[in-house]
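Undergrad: here you go, sequence then predicted model.
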Amino acid sequence: MAVQKLPLAKALNESLRKALETDPKVLIMGEDVGKLGGVFRITDGLQKDFGEDRVIDTPLAESGIVGTAIGLALRGYRPVVEIQFDGFVFPAYDQIVTQLAKMHARALGKVKLPVVVRIPYGGGIGAVEHHSESPEALFAHVAGLKVVSPSNASDAYWMLQQAIQSDDPVIFFEPKRRYWDKGEVDTEAIPGPLHSARVAREGSDLTLAAYGPMVKVCLEAAAAAQEEGKSLEVVDLRSMSPIDFDTVQASVARTGRLVVVHEAPVFYGSGAEIAARITERCFYQLEAPVLRVGGYHAPYPPARLEEEYLPGLDRVLDAVDRSLAY
């Protein structure tokens, strides 16, 4: 078995390398992805090994990057585009929403758009606005897009492989604060389908549901709660569109309580959709209202204030206590 302990960033690099080796139609495009290897070095060494025709440095023009990728996909390629930071994606939002998401349906299924848009997202690195945001709900709302986010190195490796192999456009959100977290990666054992949630920790008193950067926080909260005799189950959603409601429902049916956690603002966030669906599905099993923990409905703050803005251990445990108090 090919098991390695890798940082999440290196797992993504190895995944891209494997995709380039396996399929000559896979291309990588983006700002500084070639010689520099990307601002987070996710594409480090790939242009040197695969050439400038496969790993392409583009101008600083996100709309042009995604528009070019759409054209390449229509000609049979599988482009993987990198947006340097979450807040830089919006010049390309028109291309993503009005073209990439809709072309398959517009063509009555005759056209496929196998494009992956990689976006480092979230806070925790002390960066300014446009470099620390969590815009996933803006994409999950759009029919025709798949939206996923890995929380660990193994999922980073395999989910990126699966996203590249998918015939649907996939928005692939990478939790940048977790790039340096190490985990075991088995490059021969696929952990499961791309859009399936997984139970990251079993428990009986309450379910914590999260994705991307907040899964680690929820696991830490569950460990802290265990010292007080509380048993928390942690569900790693992995996919924000579609959402694996069945796995969440099965967990809540066992625990009777649910707290949804994400970095994005709570207002109109993905947690609201999960809360509504689980309330519909589990009304008679719920012992308490579904609670949400997330960012505030305000522009992303300066770096020195981000720890006040981002949901951390204390805010998660406070929600757990409030739920268990019912």
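TA: Great, that's in hand. All values derive from a computational prediction rather than experimental measurement.
Undergrad: mind listing what the most centrally placed residue in the chain touches?
TA: Closest residue to the average C-alpha location of the chain: residue 149 at 1.6 Å, with C-alpha atoms, centre = their mean. For residue 149, the contacting residues are 121, 136, 172-175, 211-212, 238-240, by C-beta atoms under 8 Å, 6 or more residues apart in numbering. Where C-beta positions appear, they are placed from N, C-alpha and C, glycine not excepted.
Undergrad: which residues in the stretch 1-150 of the chain form strands?
TA: With DSSP state E, counting those that start in this stretch as the criterion, the stretch 1-150 of the chain has strands at 3-7, 26-30, 55-57, 78-82, 116-121, 146-148.
Undergrad: for the strand or helix carrying residue 223, C-alpha coordinates in CSV please.
TA: Element membership of residue 223, judged by DSSP states H and E, is helix 214-226. Extracted C-alpha coordinates of helix 214-226, given in CSV (Å, rounded to 0.1, in the frame of the first residue of the first chain):
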residue,chain,number,x,y,z
MET,A,214,-13.9,23.9,10.4
VAL,A,215,-13.8,20.1,10.6
LYS,A,216,-10.6,20.3,12.6
VAL,A,217,-12.1,22.8,15.0
CYS,A,218,-15.2,20.5,15.4
LEU,A,219,-12.9,17.5,16.1
GLU,A,220,-11.1,19.6,18.8
ALA,A,221,-14.4,20.6,20.2
ALA,A,222,-15.5,17.0,20.4
ALA,A,223,-12.3,16.1,22.2
ALA,A,224,-12.7,19.0,24.7
ALA,A,225,-16.4,18.0,25.3
GLN,A,226,-15.5,14.4,26.0
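Undergrad: ranges for the strands of the stretch 151-300 of the chain?
TA: 170-175, 182-186, 198-201, 206-210, 232-236, 239-241, 258-265, 291-295.
Undergrad: and those strands as a markdown table, adding mean neighbour count?
TA: Converted to a markdown table, these look like this (neighbours: other C-beta atoms under 10 Å):
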| stretch | mean neighbour count |
| --- | --- |
| strand 170-175 | 27 |
| strand 182-186 | 17 |
| strand 198-201 | 17 |
| strand 206-210 | 29 |
| strand 232-236 | 26 |
| strand 239-241 | 23 |
| strand 258-265 | 26 |
| strand 291-295 | 22 |
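Undergrad: can I get these in CSV with mean pLDDT and distance to residue 108?
TA: Formatted as CSV, the strands of the stretch 151-300 of the chain follow (pLDDT from 0 to 100; distance: least, C-beta to C-beta, whole Å):
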stretch, mean pLDDT, distance to residue 108
strand 170-175, 98, 21
strand 182-186, 96, 40
strand 198-201, 98, 35
strand 206-210, 98, 36
strand 232-236, 98, 36
strand 239-241, 98, 22
strand 258-265, 98, 34
strand 291-295, 97, 39
